[in-house]
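> Next one to model:
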Amino acid sequence: MKYPSLTKLLAGLALAIGTNFVPSNPSQARTNPSDTFFCGTTRDGVPVTMVRSLRGNVPLIRWTYSAFSGSGWTPSRRCAEVSKRFQYNFETDQLQYIAIGEINAAPVLCAAAQPGIPCTKENLLITVLPGEKPEETLKSLILARDGAAPLDQSSNVMEYDEAGNLYINIEEILYHAPVE
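Now for the predicted structure:
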């Protein structure tokens, strides 16, 4: 696992706390090597998978759903684990898109370097409850986040391949999603 230097941590903290910089060049805001995915909390204590980016902290997923708690997967535990999975896939250059797939006949959301990459245990991000529609879960987790302004649908956040499969472009989210 890569550990950022103290200088990078302090610089990232200064950016996250002290600026509301919105670059005029979109490529400046896109994913870069210093982006870090982590599990934080809202003011009211809700666990949130976030990414620390050049623009500030971008909330991705609010973990309010407790259907997995009976098996020990509380919202806090899911937030911590999924945040690690996002970070791992980001560090291995697999997180350009969030895709829908199946692993062992269970619906999942996974990281993909490009459309068409199948979901595997290595790129797994989130397991979806059986019976739920993964496309709706993906849209609700990423696009309809509680308390977040809606993303601009013309921003290419949602992309479909030739077979009609939905992909979420993570760089577009990091560029267009509001920061905290």
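> Need the three-state assignment for the nearest residue to Glu81 once chain neighbours are set aside.
What sits nearest to Glu81 in space, not counting adjacent residues and going by CB to CB, 6 or more residues apart in numbering, is Trp73, at 7.9 Å. All C-beta atoms are positioned from the backbone trio N, CA, C, and that covers glycine. With DSSP: H, G, I helix; E, B strand; the rest coil as the basis, Trp73 sits in coil.
> how about Trp73, phi and psi?
phi -100, psi 80 (degrees, to the nearest 10).
> likewise Met158?
Torsion angles, degrees, to the nearest 10, at Met158: phi -100, psi 130.
> do you know how far it is from His176?
Separation of Met158 from His176 (CB to CB, to the nearest Å) stands at 11 Å.
> Of the two, give the one with the bigger neighbour count.
Counted by other CB atoms under 10 Å, Met158 and His176 do not tie: His176 has more neighbours, with 20 against 17.
> Touching, that one and Val157? I think so.
Yes. Between His176 and Val157 there is a contact at 6.5 Å, judged by CB atoms under 8 Å.
> Only the buried residues of stretch 119-130, if you could.
Neighbour counts over stretch 119-130 (16 or more other CB atoms under 10 Å) mark 119, 123-128 as buried.
> contact partners of that stretch?
Residues outside stretch 119-130 that contact it (CB atoms under 8 Å, 6 or more residues apart in numbering) are 61, 67-68, 78, 82, 85-86, 89, 94, 98-103, 106-112, 117, 134, 137, 141.
> ok, now stretch 97-109?
Residues outside stretch 97-109 that contact it (CB under 8 Å, 6+ apart) are 110-115, 117-121, 124-130, 132, 134-135, 137-138, 141-142, 159, 165-170.
> how does it look with 6 Å?
Stretch 97-109 is contacted from outside by 110, 112, 118-119, 124-128, 134-135, 138, 167-169, using CB atoms under 6 Å, 6 or more residues apart in numbering.
> Filter these down to just the ones in strands.
If you go by DSSP state E, these have 110, 112, 124-127, 167-169 in strands.
> nearest residue to the spatially most central residue of the chain other than its sequence neighbours?
Among the residues of the chain, the one closest to the centroid is Leu60, at 4.8 Å (CA atoms, centre = their mean). What sits nearest to Leu60 in space, not counting adjacent residues and going by CB to CB, 6+ apart, is Thr49, at 4.8 Å.
> if I look at that neighbour, how far off is Pro115?
Distance from Thr49 to Pro115, by CB to CB: 22 Å.
> same check, this time on Thr74
According to CB to CB, Thr74 stands 33 Å off from Pro115.
> my read: Ser53 touches Phe38, true?
No. Using CB atoms under 6 Å, Ser53 makes no contact with Phe38, being 11.5 Å away.
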